[in-house]
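Undergrad: sequence first, predicted model second:
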Amino acid sequence: MTNKPQPTANVEVKGVFTSEEAVQNARNAIQSAGIAPETISITTQSFKPRADINQTETFDNAKNTAVAGALLGGIVVLFISFINVLTPEAGPAISPDLTGESLTFIVAVTALGMLVGAAGFGLIATISGVGTPKEGTDAESLDRDLLPINYLLIVQGNADKIERVAQILQDNGAQLIS
């Protein structure tokens with residue numbers, strides 16, 4: 001019976017870099033140490049914080065469309081109210097004259113329609129305006145709010161190689177993560 005060498009399990013080491021130059025230098029050093037390029041991967045990640053609400057169209061959209069919604073809601077309900085009041089076939093809700101109770105009904109329902117229209121349209125516009133930069137906002141100023149890009153270098157291999165790679169990563173300024 002001969003002793004065959006047991007295969008070693010593949011493990012990986014991960015290093016985070018804050019500059020592209022540093023991650024490329026580390027990759028070159030790892031390849032120079034004899035590590036196969038197909039065992040090395042690099043990914044980037046950047047986070048953009050949510051834009052300040054004052055830099056977006058949110059309030060302007062909500063205000064303008066709430067007015068439009070109120071007008072549209074009022075007109076539609078006013079029209080329906082007149083049909084209800086003036087057409088006996090539409091329903092015996094109120095008397096067919098345009099005095100007293102009928103006018104109160106029309107005004108109240110129209111106001112309710114305006115309120116519902118303003119709220120509905122305003123909500124839709126608010127949601128659609130979030131994240132939309134205001135006209136005249138400098139796109140570059142929004143990009144300056146980006147947090148620094150991080151580069152993640154991952155190397156897979158056996159435990160012996162990984163120890164060498166971890167040292168190379170640290171020598172090139174990486175923060176090792178698990």
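TA: In hand now; what should we look at? Numbering: from 1, shown residues only.
Undergrad: averaged pLDDT, the helix or strand harbouring residue 151. What do you get?
TA: Using DSSP states H and E, residue 151 maps to strand 150-157. Strand 150-157 carries an average pLDDT of 90.
Undergrad: ok, now stretch 64-75?
TA: On average, stretch 64-75 scores 84.
Undergrad: what's the weakest-modelled helix or strand in this structure?
TA: The helix or strand of the chain with the lowest confidence, counting by mean pLDDT, DSSP states H and E, is helix 139-143 at a mean of 52.
Undergrad: on that earlier part again, buried sites along the strand holding residue 151?
TA: For strand 150-157, burial by neighbour count (16 or more other Cβ atoms under 10 Å) applies to 150, 151, 152, 153, 155, 156, 157. (Each C-beta comes from the backbone N, C-alpha and C, glycine too.)
Undergrad: residue 16: what secondary structure?
TA: strand (DSSP: H, G, I helix; E, B strand; the rest coil).
Undergrad: what's the pLDDT at it?
TA: 91.
Undergrad: likewise residue 11?
TA: Reported pLDDT for residue 11: 87.
Undergrad: list the contacts of the residue lying closest to it once chain neighbours are set aside.
TA: With sequence-adjacent residues excluded and distances taken as Cβ to Cβ, 6 or more residues apart in numbering, residue 11 is closest to residue 162, at 5.2 Å. By Cβ atoms under 8 Å, 6 or more residues apart in numbering, residue 162 lies in contact with 11, 12, 13, 155.
Undergrad: now do residue 82 against residue 167, distance only.
TA: Per Cβ to Cβ, to the nearest Å, residue 82 is found 84 Å from residue 167.
Undergrad: mind listing what's buried in the one helix or strand residue 122 maps to?
TA: Element membership of residue 122 [criterion: DSSP H and E] is helix 101-129. Buried residues in helix 101-129, defined by neighbour count with 16+ other Cβ under 10 Å: 102, 105-106, 109-110, 113-114, 116-118, 120-122, 125-126, 129.
Undergrad: farthest pair in the residues you listed?
TA: 102 and 129 (39.7 Å; Cβ to Cβ).
Undergrad: returning to what we had before: what residues sit buried inside the helix or strand where the residue nearest to residue 11 lies?
TA: Assigned by DSSP H and E, residue 162 belongs to helix 159-171. Residues of helix 159-171 classed as buried by neighbour count (16+ other Cβ under 10 Å): 161, 162, 164, 165, 166, 168, 169.
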